[in-house]
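[1] Quick one, what's the 3D model for this:
(4 chains)
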Number of protein chains: 2
Amino acid sequence: MPDQVDRIIEQWHTEKPDLDVTPMAVIGRLSRTAMAVELRLARTFAEHGLDAASFDVLATLLRSGAPYRIAPLELAREAMISTSAVAQRLNKLESRGLVLRQANPNDGRGTFVALTDAGKLLIETALPDHLETEHAITSVLNRGEQEVLASLLQRLNTAASS
Amino acid sequence: MPDQVDRIIEQWHTEKPDLDVTPMAVIGRLSRTAMAVELRLARTFAEHGLDAASFDVLATLLRSGAPYRIAPLELAREAMISTSAVAQRLNKLESRGLVLRQANPNDGRGTFVALTDAGKLLIETALPDHLETEHAITSVLNRGEQEVLASLLQRLNTAASS
DNA sequence: TATTGTTATACTCTATAACTATA
DNA sequence: TATAGTTATAGAGTATAACAATA
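    Have a look, this model is predicted:
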């Protein structure tokens, strides 16, 4: 069944028949699908008082393993944002008692960001819900289709990043 | 070759071996690939003094065909943003002389947004460049792979939107 | 001098609410 | 009363630049 992207491509065929708009089939659906997924995931985050950025910080700390400590600079690299943006995310999380900052004993300039007990509890509660939401979305594709999709996306990512 | 998403999944296997994180292979790559593509496309837009939002408005007007006129409400529906956001996008474009507002003779409440000659020239210049960028990204996949990818994304979109 | 990290500041984008005008 | 559109306002998020402290 045709979707909005099909209609857009059809419009271009009519209006600019000389242009090759075939890449839009992939790029158009990529951005729309990513947006729809983002909105869907945000609902689950909100049920736990979180947004995607906060969830990302807490999940990064959790999956780093005990003692659940990471330097702000590493958080910035993982999230691909500035260290300033990280500091401001951390301010919010720290004011809610979900993370705390500790001095790095080996480097006086450095800081560790650590999960508090409350932060660990929250992310450990939210994570299964989040995975359930992801599963609900991806389960329309069987295992093989998911592997194909992941592989094609990975190759596209490499091409876009160069 | 393993990428960042592979490493994240491996971390979860180590730290939370009981959790099924297989959906992350698809969802994680979807968001990262969409972001990488968005950044790549923004470069081309910037070469023409545009951002994605402005390009979107101008392209929507162009592909609607002569006389290149659309109501703001329809622009809001296509871009999935509020009519207020549309009005503010239009203010910027109008101040640059790329679009102009016209009264709707059939409905005193209504407005038409129309491409100016300058706006039409700009989008007709930027569009081929944009398509070239999209082609450069998608051409790492052959025609059949692109069709598979578009189809899988479409199904995922449907699942996420429900 | 370079690096880590924070804060001050400004910018962009958006939505909500209030408002005008017309149907 | 409902609809189309705009503006005023406030909020969220970010990056740049300035700053402090340590390597």
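[2] Tell me where chain A has strands.
    Per DSSP state E, chain A carries strands over the ranges A:69-70, A:99-103, A:111-115.
[3] I'd like those written out as a markdown table, with mean pLDDT, distance to chain B and mean neighbour count added.
    All C-beta atoms are positioned from the backbone trio N, CA, C, and that covers glycine. As requested, these are exported to a markdown table (pLDDT from 0 to 100; distance: least, C-beta to the nearest C-beta, whole Å; neighbours: other C-beta atoms under 10 Å in any protein chain shown):
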| stretch | mean pLDDT | distance to chain B | mean neighbour count |
| --- | --- | --- | --- |
| strand A:69-70 | 97 | 12 | 18 |
| strand A:99-103 | 97 | 17 | 16 |
| strand A:111-115 | 98 | 12 | 20 |
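[4] got the CA positions of stretch A:43-50 in CSV?
    Output in CSV follows, covering the C-alpha atoms of stretch A:43-50 (Å, rounded to 0.1, in the frame of the first residue of the first chain):
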residue,chain,number,x,y,z
ARG,A,43,6.3,7.6,25.7
THR,A,44,8.0,4.8,27.6
PHE,A,45,10.7,7.1,28.9
ALA,A,46,8.0,9.6,30.1
GLU,A,47,6.3,6.9,32.1
HIS,A,48,9.5,6.8,34.1
GLY,A,49,9.9,10.6,34.3
LEU,A,50,12.7,10.5,31.8
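[5] Next, the buried residues of that stretch.
    Neighbour counts using 16 or more other C-beta atoms under 10 Å in any protein chain shown place A:44-45, A:48, A:50 of stretch A:43-50 among the buried residues.
[6] Of these, which belong to helices?
    Taking DSSP state H, the ones among these that sit in helices are A:44-45.
[7] A:Glu124 - how many residues pack around it?
    The tally of other residues near A:Glu124 (other C-beta atoms under 10 Å in any protein chain shown) stands at 13.
[8] And A:Ala118, by the same measure?
    12.
[9] pretty sure it is touching A:Gly97, no?
    Yes: the criterion here is C-beta atoms under 8 Å, and A:Ala118 meets it with A:Gly97 at 5.3 Å.
[10] shared neighbours of those two, anything?
    Common neighbours of A:Ala118 and A:Gly97 are not found (criterion: C-beta atoms under 8 Å, 6 or more residues apart in numbering or on different chains).
[11] Spatially, what comes nearest to A:Leu58 if we skip its sequence neighbours?
    Nearest residue to A:Leu58 in three dimensions, chain neighbours excluded: A:Ile123, at 4.0 Å (C-beta to C-beta, 6 or more residues apart in numbering or on different chains).
[12] do A:Val5 as well
    Nearest one to A:Val5, counting by C-beta to C-beta, 6+ apart, is A:Gly28 at 4.1 Å.
[13] just A:Thr14 next, same as before
    Spatial nearest neighbour of A:Thr14, excluding adjacent residues (C-beta to C-beta, 6+ apart): B:Gly65 at 7.0 Å.
[14] Got the confidence number for that neighbour?
    Listed pLDDT for B:Gly65 reads 96.
[15] how far away is A:Glu47 from A:Ala34?
    21 Å (C-beta to C-beta, to the nearest Å).
[16] wait, A:Ser54
    Look at A:Ser54 and A:Ala34: by C-beta to C-beta, they are 20 Å apart.
[17] do the same with A:Leu149
    According to C-beta to C-beta, A:Leu149 stands 13 Å off from A:Ala34.
[18] Same question for A:Thr125.
    To A:Ala34, A:Thr125 is 26 Å away according to C-beta to C-beta.
[19] what about the two, which has more around it?
    Taking neighbours as other C-beta under 10 Å, A:Thr125 and A:Ala34 compare with A:Ala34 leading, 23 against 10.
[20] wait, isn't that one in contact with B:Arg29?
    No: in this structure, A:Ala34 is not within contact of B:Arg29 by C-beta under 8 Å, at 10.3 Å.
[21] Show me what residue of chain A gets nearest to DNA strand D.
    A:Gly108 (2.5 Å; C-beta to the nearest atom of the strand).
[22] Give me the number of neighbouring residues for that residue.
    7.
[23] ok, it - contacts?
    If you count contacts by C-beta under 8 Å, 6+ apart, A:Gly108 has none.
[24] can you check A:Ile70 too?
    A:60-61, A:64, A:112-113 are the contacts of A:Ile70 under C-beta under 8 Å, 6+ apart.
[25] Kindly report the same for A:Leu58.
    Taking C-beta under 8 Å, 6+ apart, one finds A:50, A:93, A:98-99, A:115, A:119, A:122-123, A:126 in contact with A:Leu58.
[26] now, which of the residues you listed sits nearest B:Leu75?
    Lowest distance from B:Leu75 to those (C-beta to C-beta) belongs to A:Leu50, with 32.4 Å.
[27] Just give the nearest non-adjacent residue to that closest one, would you?
    The nearest residue in space to A:Leu50 (C-beta to C-beta, 6+ apart) is A:Ala126, at 6.3 Å.
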